[in-house]
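Q: Have a look at this fold, sequence not included:
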């Protein structure tokens, strides 16, 4: 029989979980919602990830400049997560702590630009921040809606935060190889048809094709047609249903360098609310740079591959 004490404890737990959910940051904020949040006592920290020149020309009042390139890996594979000491120095310089509500904004030019915001959002979550948002439509929508713009760069006090990587959000090459061997995860290729079908590849990738058993979920599907506006949660849940996954399995989003895949990760994890969604940051560039020939699907024949390589060489040489 349920006692009064048990009911009281259950009620307290429910109230606690409801308050936590009620105060959690929304993954997407409209410009109007962000402008309103900036008037509150606990105003969010806005991170403008555009290049310094664009930031200097005009940004959201109070926004800090944190260019996208600082969140990326080396030229050999930009998708790699930078070393923890580098990321630690970056978040400290921005004054970030786990208590910070960080809002990411970029140009809002197109769906690909959204991937930059999603990738920084994911990186911040990996570093232990929980209250995170993206400005839906970026600066393009902010300006179009008549919100204020500033050219003043604010001063920020550095934090002493020492992040620890949340590895539950990261899929490593070894983990992906295990998933391929055991067929025990939903591997989601976020790239458009030409990449998924092996007709083209990223410049730093050594092979065309996709991971064995991968499902395709083109990142462009997450946007209102003809715009760079991310869809609402109900539509996001409908899109997420296109991914086939057995109960309890991980979902691993990948692309060329973990940029487009960050959009799939954001849509599946943050908007649709699916559990156990990871990002393979290095993606196909990392996968195809293995010393031994990696397992691939949709890989073109040798003659077709040689023809493609010759065409790419010619374009680099004479253009």
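A: In hand now; what should we look at? Here the structure is a predicted model, which means the values were calculated and not measured.
Q: Which parts of the stretch 201-319 of the chain are strands?
A: Ranges of strands in the stretch 201-319 of the chain, per DSSP state E, counting those that start in this stretch, are 215-216, 250-254, 277-279.
Q: which outside residues touch the last one?
A: Under the contact criterion Cβ atoms under 8 Å, 6 or more residues apart in numbering, strand 277-279 has outside partners 122, 168-171, 250-254, 258, 261-262, 265, 268-269. (C-beta placed from N, C-alpha, C; glycine too.)
Q: Looking at the nearest residue to residue 277 once chain neighbours are set aside now. What's its pLDDT?
A: Distances taken as Cβ to Cβ, 6 or more residues apart in numbering put residue 269 closest to residue 277, at 3.9 Å, once the chain neighbours are dropped. At residue 269, the predicted lDDT confidence score is 98.
Q: got it, and the one 4 residues further on?
A: With respect to pLDDT, residue 273 has a value of 97.
Q: And for it, the neighbour number?
A: The local packing of residue 273 (other Cβ atoms under 10 Å) involves 13 other residues.
Q: is it true that it touches residue 266?
A: No. Using Cβ atoms under 8 Å, residue 273 is not in contact with residue 266, being 11.6 Å away.
Q: pretty sure residue 169 is touching residue 127, no?
A: No. Residue 169 lies out of contact with residue 127 (Cβ under 8 Å); the separation is 10.0 Å.
Q: neighbour count winner among the two?
A: Shown here are residue 169 and residue 127; by other Cβ under 10 Å, residue 127 has more neighbours (21 against 18).
Q: which one is that one nearest to, not counting chain neighbours?
A: Per Cβ to Cβ, 6+ apart, closest to residue 127 is residue 163, 4.0 Å.
Q: From residue 91, how far off is the one you found?
A: For residue 163, the distance to residue 91 (Cβ to Cβ, to the nearest Å) stands at 6 Å.
Q: what's the neighbour count on the nearest residue in space to residue 108 that is not next to it in sequence?
A: Residue nearest to residue 108 in three dimensions, not counting chain neighbours: residue 138, with 2.2 Å by Cβ to Cβ, 6+ apart. Under the neighbour criterion other Cβ under 10 Å, residue 138 is assigned a count of 26.
Q: you'd agree residue 138 is up against residue 110?
A: No. The pair residue 138 / residue 110 is not scored as a contact, 9.6 Å apart, by Cβ under 8 Å.
Q: Overlap in contacts, these two.
A: Residues touching both residue 138 and residue 110 by Cβ under 8 Å, 6+ apart: residue 228.
Q: Least confident secondary structure element in the chain?
A: helix 4-23 (a mean of 36; mean pLDDT, DSSP states H and E).
Q: Just after that one, pick out the following helix or strand.
A: Next in sequence after helix 4-23, counting helices and strands by DSSP states H and E, comes strand 28-29.
Q: centre of the chain versus the helix or strand following that following strand, how much separation?
A: Using DSSP H and E, the helix or strand that directly follows strand 28-29 along the chain is helix 31-37. Offset of helix 31-37 from its chain centre (Cα atoms, centre = their mean, to the nearest Å): 22 Å.
Q: Which other helices and strands does helix 31-37 contact?
A: Other helices and strands packing on helix 31-37, by 3 or more Cβ pairs under 8 Å, 6 or more residues apart in numbering; DSSP states H and E, are strand 132-135, helix 138-144.
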